[in-house]
Every structure is written in C-alpha cells, then in structure tokens.
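Enquirer: just to be clear, the model below is a prediction. Sequence and coordinates:
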Amino acid sequence: MAELTGRRIAFVLTDGYEDSELTSPWQALENAGAQNTLIAPHGSQVTGKKGHTQRVDAHTRDVVADDFDALVLPGGVVNSDHIRMDEAAVEFVRAIDRVGKPIGAICHGAWILTDADALRGRTITSYPSLKTDLSNAGARWVDEEVVCDQGLVSSRTPDDLPAFNDKLLEEIGEGVHPARAG
C-alpha cells in the first residue's frame, strides 16, 4: 500500500453523493496516512443518497488548489449535477488539473471535469450515461473498471471501488504529472 502521510486530499461534493464513493476512497486514503478534507459549496454537513452524513471542512469559495496534493470527485447524479453548477468548485477543479495534480473521479463525478475543461485528449471511464457528455468535452470514453491517464483516475460504479482505490493511492503516491502541468 502507498504511504501518503502528509498528503492533503480534497474531496469535492455536495448532498446527493453516492455514499460508498465517498466513504470507500476516504477510508483507503486515511488508512494510507493522507489528510482528507471534505469541501462543499455550503453548509456544515452533506448527506448521501443512502443517508450517510459527513461534516464539511471547508467551502468551495474558500479553498485554494495550492493547499492540496490531489482531488477526489465522488459520484451520484444529484451531487454531480449540483457541484458542476458551483463556479467556485469548477474553478478549483480546473486549478488542480492545470498543475497536473492527481484527480480521482468515479461514476457521475466526472461530470464536473467537462465544465472545468479537463478532458481534451484524455481517456476516461464513467457511468455509461456520461459517455456522450465526456466525449463532447474532448475525452476518449472507454468501458473499463479503472482507467488512468496522466494522473486522472476514473471508474464506472461502486462495483469498481477496489480497483479505483488501489489506482488512486498509486497515482497520489506518484504526485504531480508534469507532462500535463502548465
């Protein structure tokens, strides 16, 4: 397992997220020593579609990409649709991507990457209904358990979480991908 002590990981989400797509990567990263921060547009806690609640550590309008080493975008249709309409969240994701920091996106979590213009020329997977949106944003969409393209780790559904978590830890351990930076 990757040793991630001292790594600061941003989880960007809001109400309606897919519970396991937050809790499983969160636990895997925490077990590896990472410091996780839950970032939401507003409020003091978020609630998943199956009822899991978690405390919000910071708001999207108050965070700076330089303060984090990586980003995780859990899915859930409602979560993903709302988070991509939050301009501060979109700009935060854009800033993380611009400098080549690792990003993990699972299921519908990849939707915000279209708004952040982070997909041109990249290969990605997601929940199948996003195929057209992601392709129209310049990505090459594939139907695979986990895909990694220069630090962008993506998976389709909660069934893929074991592979997603393993690859996410590996990519965060590698750090910034300079070929994408700039």
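Expert: Happy to help now that I have it. Numbering: from 1, shown residues only.
Enquirer: ok, Asp57 touching Ile39?
Expert: Yes - using C-beta atoms under 8 Å, Asp57 is in contact with Ile39, at 6.8 Å. Every residue, glycine included, has its C-beta placed from N, CA and C.
Enquirer: neighbour count for these two, which is higher?
Expert: Neighbour count, other C-beta atoms under 10 Å: between Asp57 and Ile39, Ile39 has more, with 24 against 14.
Enquirer: give me every residue that touches the more buried one.
Expert: Going by C-beta atoms under 8 Å, 6 or more residues apart in numbering, Ile39 touches Ala10, Phe11, Val12, Leu13, Val56, Asp57, Ala58, His59, Thr60, Val63, Ala89, Phe92.
Enquirer: and if we set it to 7 Å?
Expert: Shown in contact with Ile39 (C-beta atoms under 7 Å, 6 or more residues apart in numbering): Ala10, Phe11, Val12, Asp57, Ala58, His59, Thr60, Val63.
Enquirer: out of those, who has the most neighbours?
Expert: Val12 (30 neighbours).
Enquirer: give me the element the closest residue to that residue other than its chain neighbours is part of.
Expert: Spatial nearest neighbour of Val12, chain neighbours left out: Ile39 (4.9 Å); criterion: C-beta to C-beta, 6 or more residues apart in numbering. According to DSSP states H and E, Ile39 maps onto strand 35-40.
Enquirer: going by neighbour count, which residues of that strand are buried?
Expert: The neighbour-count check on strand 35-40 (16 or more other C-beta atoms under 10 Å) flags Asn36, Thr37, Leu38, Ile39, Ala40 as buried.
Enquirer: show me what the third one is bridged to.
Expert: Spelled out, that is Leu38. When bridges are called by DSSP bridges, Leu38 pairs up with Phe11.
Enquirer: and Pro128, how many neighbours?
Expert: Pro128, neighbours per other C-beta under 10 Å, totals 11.
Enquirer: same deal with Glu145?
Expert: Neighbours of Glu145 (other C-beta under 10 Å): 15.
Enquirer: can you check the pLDDT for it?
Expert: On the pLDDT scale, Glu145 is placed at 98.
Enquirer: so what's Glu3 closest to, chain neighbours aside?
Expert: Excluding its sequence neighbours, the residue lying closest to Glu3 (C-beta to C-beta, 6+ apart) is Gly33, at 6.0 Å.
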